[in-house]
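*Asks:* A predicted structure for the sequence below; I have some questions about it.
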Amino acid sequence: MRGKEHRETMKKIYIGKTALKVPRNGGKHPKKSSMLEQKEDLRKRLSYTTHKLELLQGEFDSTRQYLETELRRAQEELDKFTDKLRRIQSSYSALQRINQDLEEKIHRNSQHHDDEKRALSREIIVLNNHLIEAKLTIEKLQEDNDMYRKDCNLAAQLLQCNKSLYRAQLSEVRPTPTCHAAHM
């Protein structure tokens with residue numbers, strides 16, 4: 001029973017992970033020196049814990065300052081990159097518009113050149129046909145010219161000859177196209 005009473009009068013105090021038993025309701029402990037030792041031990045632990053907390057607080061503050069500085073630096077870099085990205089996007093959009101305008105202009109020019117090429121091809125065909133007709137006309141005129149020259153030469157020879165020869169050579173004269181057409 002005495003062990004049960006003793007347990008009821010003691011309460012546990014936790015410092016860190018260590019549990020200390022101290023009497024409840026101011027119960028008397030047989031050894032005051034051990035109580036003073038416990039009190040001194042608790043004071044040392046409290047002082048040690050306080051010192052450790054102060055060190056941790058200092059470390060926490062310096063870490064927080066470092067992290068805040070790094071965060072500001074990272075934010076500044078992010079702002080720079082964001083501005084750079086906006087400028088790049090703006091330039092890209094402008095280049096897209098310019099490229100689209102150039103593509104449309106090239107397409108229009110290409111269409112115009114194709115139309116001109118077709119028109120020039122038609123004109124070349126027409127001119128070639130005229131050239132062929134002109135060559136045929138020139139050949140016909142040269143043939144007629146040769147025939148007229150022979151006729152003129154023959155007429156000149158006949159004028160220089162006598163009449164009997166004139167009649168014989170007259171039969172050799174070919175009719176001219178105008179004379180030939182008149183005889184028909």
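*Replies:* Good, I have the coordinates.
*Asks:* And residue 61, how far from residue 110?
*Replies:* 71 Å (Cβ to Cβ, to the nearest Å). Backbone N, C-alpha and C define where each C-beta goes, glycine included.
*Asks:* neighbours of residue 105, just the number please.
*Replies:* Using other Cβ atoms under 10 Å, residue 105 has 10 neighbouring residues.
*Asks:* Actually, residue 72.
*Replies:* The number of residues packed near residue 72 is 10, by other Cβ under 10 Å.
*Asks:* can you pull out the helices in this structure?
*Replies:* Secondary structure of the chain by DSSP state H: the helices cover 2-9, 32-160, 163-170, 177-183.
*Asks:* Output the ones you listed in CSV; the columns should cover mean pLDDT.
*Replies:* Formatted as CSV, the helices of the chain follow (pLDDT from 0 to 100):
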stretch, mean pLDDT
helix 2-9, 48
helix 32-160, 93
helix 163-170, 59
helix 177-183, 44
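*Asks:* who touches residue 86 in this structure?
*Replies:* The contact partners of residue 86, by Cβ atoms under 8 Å, 6 or more residues apart in numbering, come to none.
*Asks:* how far away is it from residue 154?
*Replies:* Between residue 86 and residue 154 the computed distance is 99 Å (Cβ to Cβ).
*Asks:* Residue 126 now?
*Replies:* Distance from residue 126 to residue 154, by Cβ to Cβ: 42 Å.
*Asks:* which of these two has more neighbours?
*Replies:* residue 154 (15 against 10).
*Asks:* tally of neighbours for residue 147?
*Replies:* 13.
*Asks:* could you measure it against residue 141, distance?
*Replies:* Counting by Cβ to Cβ - residue 147 and residue 141 are separated by 11 Å.
*Asks:* same check, this time on residue 115
*Replies:* For residue 115, the distance to residue 141 - Cβ to Cβ - is 38 Å.
*Asks:* what does residue 67 give?
*Replies:* Counting by Cβ to Cβ, the gap from residue 67 to residue 141 is 105 Å.
*Asks:* Same question for residue 39.
*Replies:* Distance from residue 39 to residue 141, by Cβ to Cβ: 145 Å.
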